[in-house]
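Novice: Sequence and computational prediction follow.
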Amino acid sequence: MTLLIQAGPQREARISLEHLVSNIAVLGADSVTLDLTADAFGHGVQRIAVAAVGAGVSSFTVRSECEAAQIQDVLPRGTTLSVGRVNEHSVTHAYGLNPATHRGTKPVMRLSARVLAVKQVAADAGVSYGYTWRAPHDGWLALVPLGYGDGFVRAWGNRATAQWQGIRCDLAGRVAMDAHSIFTGTHSATVGDEVVYFGDADSDVTAATFADAVGAPVVSVTAALGSRILRTYNDEVDAS
Amino acid sequence: MRVVIDTGAYRRNLAVLRARLDPAQLMAVVKDDAYGHGTPQMVRVARECGISAFAVLDIATGISLRASGVLGNAIAFAWLFDAGDEFGPAIEHEIDLGVSNVEVLDAIAQNVDHDALRSLARVHLKIDTGLHRNGAAPHEWAALIRRAKHWQDEGRIDVVGVWTHIGEASAEDDNTSRNVFDTPLEQGREVGLNPALRHLAASAASFERVDFRYDLARVGGFTYGIGPGSGIGPADLGLEAVMSALASVVRIDDVDGQSVAVLDCGYLDGLPAWQIPHEDRSRETLPQAGFEVVIAGVRCPVLSVGADTMTVALPDAAQPVKAGDAVVVFGSHLRGEPVLQEWADALGTVGEEIVVRVGSRAEREYRES
């Protein structure tokens, strides 16, 4: 059997439990009531809860009785779960969604995807529906399989940037339901190359950058990401 | 939040659209969990209505639908291949494969098992006619069709389709794409490829343009009763909304003499909470304007969308509203409810984005009207 692409997950939200633990330490574990609403705002409720307990958190909250019933079984023993309104400020802090304004916090999620196809374009060529973006000069496009069906906001097209090989690239044209294009300039990407959106250790682009690009609340960015995006956990922490 | 999926509305939309596209075939687009409506459920209904081709996006969805029996012998068309995808199972489950380059074509042909009962891979070759996403560039096309002819002569593949996506930027640009499409079709014929399914258009272009229909059109948004926007809603097309989103009133507040209802839904339910254009926005102006919900038959303007709540102004006509009252967030114009296109236009997006976000999170109920 032929595998098309072997570089790694096509769409990935890599969750740093180490950063979660570090954020909790900054906040003070005793004073944290960690909000686990909406699958821990897209981070994966089970792993987040276990890591938080390991970091000394014993108090959790969700927004509704219905959500509380759904996650009761995954919470470790000896913890409490309350129901209450979402406090966007606390959520932003704990998950490191906006380190620029919450000093000392680090992004827990890093969003990336892999190039599916590349295409050469001439200057002024229109890209994607409505041709709302046109190439500033001859160059290369890379097609990436993240679309608004994945919770990747359609309006990020022409308004946000991605990073490919350390280069900041425009999101060229409208984001479609299942894919979008980035402009990699005069160099061509290779199929399978990783494209990073936010939360990377080597960049100051955060979920807040993407939220600000369209005037959205930062908490909505990670919470909306869909199930086709694989959640991976690369920093195991001892939960005992 | 709860959504109600009206399978009767879906049937009626399919009937309207099939009649309009005839004799071209309607391929129902059911990718992305049928735009949040539930793929297996919508495929079942569409099969009952006689639809025999479905756009499923990826191989895994196609295989799961084929294996469940809901598809029967209908076409399942996949074109976005994922890391780790194996073409062997796709061929075995008779998934039609959309192919843009020689590398993928070779990978498919080499996975054909000559000894298997179903030994031909069904392939649709894709040409880029201006969208610049995937699809072979015009200068790559000759190599792709020659290779395809080779594999077809070897008995590995059956080239059943040639297709493209168009930009819908303007009628003029679409005409250009359509003309560009005719050249590769002709080149295909010259090397001996005569696919039965030539397809170019999606909802809007196939609805408006007879000359864009060819043998088949891939129709998604319109089957769910989602208008193209910019003021054009389902009512203008003889279609009706399939999904309605329902919420409840949590409490009534008095804000400076204005009665305000707080609802139990917000952006964590997938509702859009961005504001575009955003040149003059600030955090304080996050509350949005330009769309409404319905409470007790009265339209109420939305004031703000928060994480888990939304606030709406209660006009005098809406009194008395009380906690627990039902709210229609969006629904069908046939009941006087706000439709997705009104929300989408106010937010600078398309109805499709709202239904995929909301439908994938909400509790779904199916009703046949």
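Specialist: Looks like it arrived, so ask away.

Novice: ok, the closest residue to A:V218 other than its chain neighbours - contacts?
Specialist: Spatially, and ignoring its direct neighbours in sequence, A:V218 is nearest to A:A211 (4.1 Å; C-beta to C-beta, 6 or more residues apart in numbering or on different chains). (C-beta placed from N, C-alpha, C; glycine too.) For A:A211, the contacting residues are A:L97, A:P217, A:V218, A:S220, A:V221, by C-beta atoms under 8 Å, 6 or more residues apart in numbering or on different chains.

Novice: Could you single out the nearest of those residues to chain B?
Specialist: A:S220 (4.5 Å; C-beta to the nearest C-beta).

Novice: ok, now how distant is that closest one from A:Q70?
Specialist: Distance of A:S220 to A:Q70, given as C-beta to C-beta, to the nearest Å: 20 Å.

Novice: more neighbours, the two?
Specialist: A:S220 (30 against 13; other C-beta atoms under 10 Å in any protein chain shown).

Novice: picking that back up, go through the contacts of A:A211 and flag which are in strands.
Specialist: Per DSSP state E, strands hold no members of the contacts of A:A211.

Novice: tell me which of those residues is nearest to B:D316?
Specialist: Of all these, A:P217 has the smallest distance to B:D316: 31.3 Å, by C-beta to C-beta.

Novice: quick one, phi/psi of the closest one?
Specialist: Phi and psi for A:P217, reported as degrees, to the nearest 10, are phi -70, psi 140.

Novice: number of nearby residues for it?
Specialist: 24.

Novice: A:G192 now?
Specialist: A:G192 has 15 nearby residues by other C-beta under 10 Å.

Novice: distance of it from A:L116?
Specialist: 9 Å.

Novice: low-scoring pLDDT stretches of chain B, where are they?
Specialist: B:83-84, B:114-118, B:276-289 (pLDDT under 70).

Novice: Please repeat the previous calculation with a cut-off of 80.
Specialist: Applying pLDDT under 80 to chain B flags residues B:82-85, B:113-119, B:168-169, B:275-290, B:317-319.

Novice: Please go through it and pick out the longest helix.
Specialist: helix B:171-190 (DSSP state H).

Novice: Just name whatever secondary elements it is in contact with.
Specialist: helix B:138-153, strand B:157-163 (3 or more C-beta pairs under 8 Å, 6 or more residues apart in numbering or on different chains; DSSP states H and E).

Novice: mind putting these in CSV, distance to chain A and mean neighbour count included?
Specialist: Listed next are the helices and strands packed on helix B:171-190 as CSV, based on distance: least, C-beta to the nearest C-beta, whole Å; neighbours: other C-beta atoms under 10 Å in any protein chain shown:
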stretch, distance to chain A, mean neighbour count
helix B:138-153, 9, 17
strand B:157-163, 14, 23
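
Novice: Make JSON lines out of these and add distance to A:L20.
Specialist: As requested, the helices and strands packed on helix B:171-190 are exported to JSON lines (distance: least, C-beta to C-beta, whole Å):
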{"stretch": "helix B:138-153", "distance to A:L20": "46"}
{"stretch": "strand B:157-163", "distance to A:L20": "45"}
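
Novice: and of those, who's closest to A:L146?
Specialist: Short answer: strand B:157-163, nearest of the helices and strands packed on helix B:171-190 by C-beta to C-beta, at 22.6 Å.

Novice: So which helix or strand of chain A has the lowest pLDDT on average?
Specialist: Of the helices and strands making up chain A, the lowest-confidence element is strand A:126-127, at a mean of 84, by mean pLDDT, DSSP states H and E.

Novice: what's in contact with that strand?
Specialist: Here strand A:126-127 has contacts from A:121, A:132-135, A:141, A:172-173, A:181, A:183, B:130-133, B:167, B:169, B:173, using C-beta under 8 Å, 6+ apart.

Novice: distance between the ends of stretch A:214-232?
Specialist: 27 Å (C-alpha to C-alpha, to the nearest Å).

Novice: Give the closest residue to A:I24 in space, chain neighbours not counted.
Specialist: Closest residue to A:I24 apart from its sequence neighbours, by C-beta to C-beta, 6+ apart: A:A55 at 4.5 Å.

Novice: neighbours around the one you found, how many?
Specialist: 21.

Novice: So it sits against A:D30, correct?
Specialist: No - applying C-beta atoms under 8 Å, one finds A:A55 not in contact with A:D30, separated by 11.0 Å.

Novice: ok, back up a step: OK, contacts around the residue nearest to A:I24?
Specialist: A:L20, A:V21, A:I24, A:A25, A:A29, A:V237.

Novice: now B:G270
Specialist: A:A224, B:I354, B:R357, B:V358, B:G359, B:S360, B:R361, B:A362.

Novice: The fourth one contacts B:M1, correct?
Specialist: Yes - because the distance of 6.9 Å satisfies C-beta under 8 Å, B:V358 is recorded as touching B:M1.

Novice: Return every residue with contacts to both of the two.
Specialist: B:A245, B:D269, B:L271.

Novice: Which ones among those residues map onto strands?
Specialist: Reading strands off the shared contacts of B:V358 and B:M1 with DSSP E, I get B:A245.

Novice: Now distance to chain A too, for the shared contacts of B:V358 and B:M1, in TSV please.
Specialist: Below are these laid out as TSV (distance: C-beta to the nearest C-beta, whole Å):
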residue	distance to chain A
B:A245	16
B:D269	9
B:L271	9
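
Novice: Does stretch A:147-155 reach chain B?
Specialist: Yes - Stretch A:147-155 is in contact with chain B by C-beta under 8 Å from any C-beta of the partner chain, via A:Y148, A:G149, A:G151, A:V153, A:R154, A:A155.

Novice: and that stretch, average pLDDT?
Specialist: Across stretch A:147-155, pLDDT averages out at 96.

Novice: what about that stretch, how long is it end to end?
Specialist: For stretch A:147-155, the end-to-end distance is 11 Å (C-alpha to C-alpha).

Novice: what distance separates it from the centre of its chain?
Specialist: How far stretch A:147-155 lies from its chain's middle: 12 Å, per C-alpha atoms, centre = their mean, to the nearest Å.

Novice: does the most centrally placed residue in chain A count as helix, strand or coil?
Specialist: Residue closest to the average C-alpha location in chain A (C-alpha atoms, centre = their mean): A:L111, at 3.9 Å. What DSSP: H, G, I helix; E, B strand; the rest coil gives for A:L111 is strand.
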